[in-house]
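# Quick check, what structure comes out for this input:
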Amino acid sequence: MKQSIALLMSVQFFVYLGFGIIIPVLPEVILQQNYSEVHVGGLLSIYALASFFTAPLWGKYSDQTGRKRLILVGLFGFSLSFWIFAFSFDSLILLYLSRLVGGLFSGALYSAVTGYASDISTEETRNKYLGLLGMSIGLGFIFGPAIGGILGDISLQLPFTVSATLTLVLMVYAQIILKEPERVGEANKRQLLPKGASSLWSYRIKYLFVFSFVVTFLLAGLEATFQLFHIERIEITPLQLGYLFLFSGLVDAVVQGGIVRRIKNGTETTWIIWSQVIAAIGLALTFFTTSLVMAGITLCIFTAGNALARTTLVALTTKESGGNYGTAAGVSYSMDNLGRIIGPLTFAWLFTQLPDTLYVISAVLSLASIALIVLFQKNSKSLRTAPVIENS
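Numbers count the residues shown, from 1 in each chain. I've put the predicted structure just below:
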């Protein structure tokens, strides 16, 4: 059992490491090949788009054919996407194809791994196992850009060939270690629109869903354009960017692990409002960046605010769901994914049009999103006092 969970954690780590590893390398590839900067956003968005729309289909498929088989197929396909990208810098079509393949099979891995963890867990251990998988996702996001920057400084192809090789090794290990789990009830697979989701939108929790989109939209947009912006300002390198994202990732972890747990019940909205103010300060200060140290400071300020908003929002959404935990989590997850689809493309396009004021506009949007929390506070139609809409 422990070996299985460790392997599932490794799978989740590599999937999200693969998402982050491209961040410090992609802008360099695009600029070297003289492609338009908008393709930085496009290549990030198509990955999230493919994963978002195919994960529910993969979940249904894993119900029919088994979790282990889908995990093996997903690892093979994910590795293939890295190989294609590593040797296709001179073909924009193949770059998009590789990202499409990567997103497609990351959706397969998400569904199969989540289903596997649900199958082997009990009501008492499920939260623990899913929490460990969530931690692995977070670590992947933290170390992905750092590893991409460090290896990309040696060769732009190296991050992808190393990731592709390690994923194949993980596939072989999974073949040896994993056994098909005994199916217990229905699979815990993701849906685009969870059952009962439409009912939630008539309550004030809808403002939290839209706010969740804005928070992820800003984060994904910054990830897509931060290097492009600073290449022009301070000639930042992939290695330098990797270290900056590693440091900001540690700030993210400190905020989530050290600060959020100290928030008292009933004060969540106050903390969320201040988190957006902090994020806006980080975004606005980016306009004045003149050195690598300044770039790191602005990134960490934004990260602290964004991490505080994301984590506090999860807690508040759970409390506000009125027992509809599964449905609320599903809607929030969908809104986060939409942010990752739309954010990079929008920010990349804005960078081509308004490169100097992009982050000033972003800071204004961060502050404007506070209005959603104010509307939430003023609306008295809460699920806390309403009947449970679904069985969760």
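# per the record, what domains does the protein have?
Domain ranges of the chain: 1-179, 192-383, per automatic domain parsing.
# How many neighbouring residues does residue 311 have?
The local packing of residue 311 (other C-beta atoms under 10 Å) involves 21 other residues. (Glycine included, C-beta is placed from N, CA and C.)
# Would you mind measuring from it to residue 271?
10 Å (C-beta to C-beta, to the nearest Å).
# now do residue 345
From residue 345 across to residue 271, the span is 30 Å (C-beta to C-beta).
# And those two? Which one has more around it.
The residue with more neighbours, out of residue 345 and residue 271 and counting by other C-beta under 10 Å, is residue 345; that gives 23 against 20.
# Same question for the helix or strand harbouring the more buried one: list its buried residues.
Assessed by DSSP states H and E, residue 345 sits inside helix 325-353. Neighbour-count burial for helix 325-353, counted by 16 or more other C-beta atoms under 10 Å, picks out 326-351.
# can you check stretch 85-93 too?
Under 16+ other C-beta under 10 Å, the buried positions of stretch 85-93 are 85, 86, 88, 89, 92.
# Among those residues, name the ones in helices.
Judged by DSSP state H, helices contain the following of the buried residues of stretch 85-93: 85, 86, 92.
# How far off centre is the helix or strand hosting residue 4?
Using DSSP H and E, residue 4 sits in helix 2-21. On the basis of C-alpha atoms, centre = their mean, to the nearest Å, helix 2-21 is displaced by 14 Å from the centre of the chain it belongs to.
# try stretch 258-278
Stretch 258-278 sits 21 Å away from the centroid of its parent chain (C-alpha atoms, centre = their mean).
# Could you do stretch 114-125 as well?
Chain-centre distance of stretch 114-125: 22 Å, with C-alpha atoms, centre = their mean.
# before we move on, back to that, run the chain-centre distance for the helix holding residue 345.
Computed by C-alpha atoms, centre = their mean, the separation of helix 325-353 from the middle of its chain amounts to 9 Å.
# Just after that helix, pick out the following helix or strand.
Next along from helix 325-353, by DSSP H and E: helix 358-368.
# Can you name every helix or strand that that next one contacts?
Judged by 3 or more C-beta pairs under 8 Å, 6 or more residues apart in numbering; DSSP states H and E, helix 358-368 is in contact with helix 205-234, helix 268-286, helix 325-353.
# With distance to residue 100 and mean pLDDT added, can I get those helices in CSV?
Formatted as CSV, the helices and strands packed on helix 358-368 follow (distance: least, C-beta to C-beta, whole Å; pLDDT from 0 to 100):
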stretch, distance to residue 100, mean pLDDT
helix 205-234, 17, 93
helix 268-286, 30, 96
helix 325-353, 13, 86
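# Please name whichever of those helices is nearest to residue 307.
Ranking the helices and strands packed on helix 358-368 by proximity to residue 307 (C-beta to C-beta) places helix 268-286 first, at 8.1 Å.
# Please name every helix or strand in contact with that closest one.
Here helix 268-286 touches helix 205-234, helix 292-320, helix 358-368, helix 370-378, going by 3+ C-beta pairs under 8 Å, 6+ apart.
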